Structures are given as C-alpha cells and as structure tokens.
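Q: What follows is a protein structure lacking sequence information:
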C-alpha cells in the first residue's frame with residue numbers, strides 16, 4: 001500500500017503478535033523486522049508473548065543507531081510531538097487494541113504494522129488517522 005501521499009518506504013509488518021514496537025522501530029531505521037528484533041533485549045521471546053516492549057528501550061535502540069530520540073507521556077501541552085515525522089506513538093489498550101499498539105508517523109498519516117488487526121494474516125499499511133488514543137510518543141529531537 002505504498003503511495004506518494006504517505007511515504008516512499010514500504011510499511012513493515014509485525015511478524016509477531018506483540019511485535020508492533022519492533023516493526024515501528026524497523027520502519028524508522030529502514031531495516032527488516034528480523035534485523036530489528038535482534039536489537040531488542042530478549043526480542044524473540046518477548047515478541048511472542050507478554051511483556052511487551054516499552055518506549056525507553058525503543059529510544060535506547062534508536063540512539064545506539066545514531067538517531068537522537070526521546071520519549072514522553074502525551075499531554076495537551078506536548079501533543080504536537082506525535083506529529084513529528086518518524087515519531088512512534090503508542091495507542092492505549094481498548095476493545096479494538098487489546099494490548100495497545102505502536103505506529104510510526106509518516107507524511108500525512110501513520111505506518112501501521114498490523115493494519116488489518118485482528119486478522120491473523122497480518123498486513124502492514126498506511127492510514128490517515130490513528131486507530132486509538134495515543135498516550136506515549138518516541139520522537140526525534142530535531
């Protein structure tokens with residue numbers, strides 16, 4: 001679902017049930033999912049079950065790869081951070097997102113690593129709006 005209205009990169013599908021953080025990080029780094037998961041501490045085991053991945057670990061990985069990122073809880077005062085291109089947001093748990101969900105910001109929308117959730121045949125794609133309420137953001141400091 002690549003289109004010039006979103007981003008020139010291909011979306012990254014989360015290959016594991018709780019791998020949305022891995023896929024979103026892979027998208028920002030422009031690397032394959034299987035390469036990105038090796039960057040997460042104990043990534044293979046954790047992607048297949050609980051616990052999930054967290055913002056500090058994503059920031060640590062991005063910094064190790066030479067990118068200047070920070071993370072914070074979203075508030076009314078800083079909600080613009082989620083609009084920064086290549087930011088990664090976490091949408092809180094809901095009936096549609098039973099474990100919450102990470103997505104990456106692109107021009108005019110979001111890269112969703114499991115856009116057809118809950119279909120077990122996962123596909124990734126781009127969407128105009130977030131599928132839930134964003135509560136945390138990992139954002140570039142530039």
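A: Perfect, thanks for sending it. If you're wondering where the values come from, they're calculated on a predicted model, not measured in any experiment.
Q: which residues sit against stretch 87-97?
A: Here stretch 87-97 makes contact (Cβ atoms under 8 Å, 6 or more residues apart in numbering) with 21, 24-25, 28, 55, 58, 74, 81-82, 99-105, 110, 117, 130-140. C-beta here means a position set from N, CA and C on the backbone, and glycine is covered the same way.
Q: Restricted to strands, list those residues.
A: 101-105, 110, 134-140 (DSSP state E).
Q: returning to what we had before: list only buried entries from the contacts of stretch 87-97.
A: 21, 24-25, 28, 55, 58, 74, 81-82, 100-105, 110, 117, 130-132, 134, 136-140 (16 or more other Cβ atoms under 10 Å).
Q: Show the low-confidence segments of the protein, by residue range.
A: Scanning the chain for pLDDT under 70 picks out 1-7, 42-52.
Q: Would you pull up how far stretch 83-96 lies from the middle of the chain?
A: Centroid separation between stretch 83-96 and its chain, computed with Cα atoms, centre = their mean, to the nearest Å, is 7 Å.
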